[in-house]
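# Here's a sequence, model it:
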Amino acid sequence: MQWFNIPRCDHPTDMKEGDLEFSRFEARIRFASPAHLPFWSGNALRSGFGARLKALVCLAKGAGLPDECPSCPHREMCVYNFFYNARPPSGAKVLRRQSDPPRPFSFEPPQSGRYDPGSEVAFGFTLFGKGIQYLPYFLLALRNLGESGLGTGYREGQGKFALESVDSLGYGARTNIFSGDTVFNRSILLSYRDILKASKEHAGSLTINFVTPAQIKENDRFTAAPTFRGFMSKLLSRANVLAEFYGSGALYSSEEALSILGACRPITITSAETREIWEKRYFHKQKQEKRPLAPFFTGKLTYSGEFSQDMMALLELGSMIHVGKMVTFGNGIYDIKC
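Numbering: from 1, shown residues only. Coordinates of the predicted model:
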């Protein structure tokens with residue numbers, strides 16, 4: 001398999017200031033051994049992928065260098081460091097003191113449950129900005145994850161899989177970029193400015209359906225029914241920070257963001273069909289036992305009012321970049337129905 005002869009997925013771009021480019025993908029895998037994907041299947045996927053990516057690119061172990069990323073002399077050119085230890089870019093106006101900055105990727109996790117050998121499962125992932133260039137490394141780490149196993153019991157040989165195919169997803173479009181052992185074509189490039197241009201104002205009601213657990217804090221309290229302003233505040237913050245880190249600058253200035261949030265105040269909740277989720281999760285990096293997490297929620301929230309073009313564009317963007325805590329694991333995924 002000629003993985004390292006794959007050309008990088010460089011995208012010539014004339015990205016304007018205040019934009020975010022990204023590419024979305026759907027991977028299909030076929031299990032070769034029995035598999036058990038836990039409730040937090042995105043956690044298993046993200047942590048397993050990270051371990052395989054580090055094993056693939058890390059130069060420290062073989063060279064007798066420090067194994068900790070912060071003290072590694074190669075960290076500035078390391079693909080793993082880029083994906084897992086992001087730092088604010090030079091001149092960034094936001095999150096200069098952020099201890100846990102956003103990652104340049106996120107997963108849309110596979111369905112939890114038990115799978116027999118031969119079962120096929122699909123999951124998604126999104127790469128932001130420069131992260132798109134490292135798609136070949138991403139695919140190779142996923143392939144290597146299949147050899148080591150995914151989910152509960154992987155140390156006993158469970159959860160081994162073959163990476164069957166990967167498609168790049170666009171606005172109503174799909175193109176195959178990997179099949180068998182070959183990477184071909186280029187990923188479809190999406191951008192916030194294109195979403196904004198295609199968005200229109202909406203008057204009336206809309207429903208946000210949270211298909212994976214979301215965690216949103218409003219007025220210093222976790223809530224399963226955030227106001228539209230509270231929800232939009234978290235979404236706008238994530239979008240701006242991603243664009244600041246991996247795009248060409250924040251999508252909205254502080255004044256513009258305050259204006260958008262101010263216009264959210266009259267929008268009301270007309271229906272809340274949500275339920276709280278209290279679960280425990282093992283933290284691999286800290287090597288801690290399972291511990292309770294603050295409450296997440298799933299379900300539907302219906303809002304009514306006047307939704308501006310910017311609000312609708314941000315809602316559409318949010319359905320692809322997710323919202324709330326632990327979004328790289330696949331939390332905070334939602335869809336919209338007007």
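# Break the protein down into its domains, please.
Domains of the chain are assigned by automatic domain parsing as 3-190, 192-337.
# If you average pLDDT over each of those, which is lowest?
When those are ranked by mean pLDDT, domain 3-190 comes last with a mean of 85.
# From the centroid of this structure, which residue is nearest?
Of all residues in the chain, the one closest to the mean position by C-alpha atoms, centre = their mean is Ser106, 1.8 Å from it.
# give me the element it is part of.
Counting by DSSP states H and E, the element that carries Ser106 is strand 105-108.
# how about that strand: buried residues?
Residues 105-108 are the ones in strand 105-108 that count as buried (16 or more other C-beta atoms under 10 Å). No exception for glycine: its C-beta is placed from N, CA and C like everyone else's.
# now do stretch 118-128
In terms of neighbour count (16+ other C-beta under 10 Å), stretch 118-128 has its buried residues at 121, 123-128.
# So which elements touch the longest helix along the chain?
Counting residues, the longest helix in the chain under DSSP state H turns out to be helix 228-246. Counting by 3 or more C-beta pairs under 8 Å, 6 or more residues apart in numbering; DSSP states H and E, the packing neighbours recorded for helix 228-246 are strand 120-128, strand 216-218, helix 254-264, strand 296-307, helix 309-321.
# Run me through the strand neighbours of the helix or strand hosting Ile29, direction for each.
Secondary structure assigned from DSSP H and E places Ile29 in strand 21-31. Take DSSP bridges as the rule and strand 21-31 pairs in its sheet with strand 120-128 (antiparallel), strand 161-169 (antiparallel), strand 190-191 (antiparallel).
# Could you save these as a markdown table and add columns showing distance to Leu206?
Shown next, in a markdown table, are those (distance: least, C-beta to C-beta, whole Å):
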| stretch | distance to Leu206 |
| --- | --- |
| strand 120-128 | 23 |
| strand 161-169 | 23 |
| strand 190-191 | 22 |
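# what's the closest of those strands to Cys58?
Within these, the stretch nearest Cys58 is strand 120-128; the backing value is 20.1 Å (C-beta to C-beta).
# Which SSE is immediately downstream of that closest one?
helix 135-148.
# between that following helix and strand 21-31, how many degrees?
Compare the direction of helix 135-148 with that of strand 21-31 by axes from the mean of the first three to the mean of the last three C-alpha atoms, to 10 degrees and you get 20 degrees.
# Helix 135-148: which residues count as buried?
Taking 16+ other C-beta under 10 Å as the neighbour-count basis, helix 135-148 is seen to contain the buried residues 135-146.
# Go through the residues you listed and say which is closest to Val323.
For the buried residues of helix 135-148, the closest approach to Val323 (C-beta to C-beta) belongs to Phe138, at 22.8 Å.
# Pull up the gap between the closest one and Tyr115, please.
Here Phe138 is placed at a distance of 23 Å from Tyr115 (C-beta to C-beta, to the nearest Å).
# The residue lying closest to Tyr134 once chain neighbours are set aside: neighbour count?
Leaving out its chain neighbours, the residue that sits closest to Tyr134 by C-beta to C-beta, 6 or more residues apart in numbering is Val79, at 5.4 Å. Taking other C-beta atoms under 10 Å as the neighbour definition, Val79 ends up with a count of 19.
# Give me the contact list for the strand holding Ser106.
Under the contact criterion C-beta atoms under 8 Å, 6 or more residues apart in numbering, strand 105-108 has outside partners 42, 45-46, 49, 83, 123-128, 131, 138, 212, 321-322, 327-330, 333.
# can I have it written out in PDB, keeping just the CAs?
Output in PDB follows, covering the C-alpha atoms of strand 105-108 (Å, rounded to 0.1, in the frame of the first residue of the first chain):
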ATOM      1  CA  PHE A 105     -10.900  18.100  13.700                       C
ATOM      2  CA  SER A 106     -14.100  16.500  15.100                       C
ATOM      3  CA  PHE A 107     -15.700  13.100  14.800                       C
ATOM      4  CA  GLU A 108     -19.300  12.100  14.200                       C
END
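# Which residues are in contact with Ala243?
Under the criterion of C-beta under 8 Å, 6+ apart, the neighbours of Ala243 are 18-20, 192, 249-251.
# now the nearest residue in space to it that is not next to it in sequence: how far from Ala214?
Residue nearest to Ala243 in three dimensions, not counting chain neighbours: Leu20, with 4.1 Å by C-beta to C-beta, 6+ apart. Between Leu20 and Ala214 the distance, using C-beta to C-beta, works out to 21 Å.
# and if you look at Thr302?
Taken as C-beta to C-beta, the spacing of Thr302 relative to Ala214 amounts to 15 Å.
# number of nearby residues for Glu273?
12.
# ugh, wrong one, I meant Ile269
Neighbourhood size, Ile269 [other C-beta under 10 Å]: 15.
# same thing with Gly318?
For Gly318, the neighbour count with other C-beta under 10 Å is 24.
# Quick check, it in contact with Leu235.
Yes: using C-beta atoms under 8 Å, Gly318 and Leu235 qualify as a contacting pair, with a distance of 4.5 Å.
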